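Engineer: model the structure of this input:
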Amino acid sequence: MPENHVRRGAAEQTGHGAAEARRAPGGATVLPLRGDIDLLTVPALAERLDALTACPSPDLVLDLRPVDFIDCAGLGVLCRARNRTLARRGRLRLVADSPCFLRMLRVTGLSGVFEVHRQLPAACR
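Structural biologist: Predicted coordinates for the structure are as follows:
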């Protein structure tokens, strides 16, 4: 990677306030993610998701449409957020329209595990 390359990761966006979580009209917390979700960005993202799933009955929507890349560490942090949400009797939805990401969910057997929507309004209902 060139030394002047600026890496924009999902954790960088969420951990430093560039992509703030907001409340949707239905009450869900919407967290837009951008850039790469990988081994380097997952620790900060995991911390942010842990905070958002710590309350009873969390209602969380992760908007993955602006994500450029996600690896197995990224899938792992999404699974962790899902498990924490379900353990607290909450709900987690993903907004994704990337054919590569949707294929990754199918290939890994996770397509039936997550509630996935292609549009944000549908996910917030």
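Engineer: from now on I want contacts and neighbour counts done on CA atoms only, so please keep to that.
Structural biologist: Will do.
Engineer: strands along the protein, start to end?
Structural biologist: For the chain, strands defined by DSSP state E occupy the ranges 22-23, 29-32, 35-37, 59-63, 67-70, 91-95, 115-117.
Engineer: max-length helix in this structure?
Structural biologist: helix 72-87 (DSSP state H).
Engineer: quick one: low-confidence parts of the protein?
Structural biologist: 1-18 (pLDDT under 70).
Engineer: now with 90, please.
Structural biologist: By pLDDT under 90, the low-scoring segments of the chain are 1-20, 26.
Engineer: distance to R48 added to the strands of the chain, as JSON lines?
Structural biologist: JSON lines is the format used below for these (distance: least, C-alpha to C-alpha, whole Å):
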{"stretch": "strand 22-23", "distance to R48": "13"}
{"stretch": "strand 29-32", "distance to R48": "10"}
{"stretch": "strand 35-37", "distance to R48": "13"}
{"stretch": "strand 59-63", "distance to R48": "12"}
{"stretch": "strand 67-70", "distance to R48": "16"}
{"stretch": "strand 91-95", "distance to R48": "14"}
{"stretch": "strand 115-117", "distance to R48": "20"}
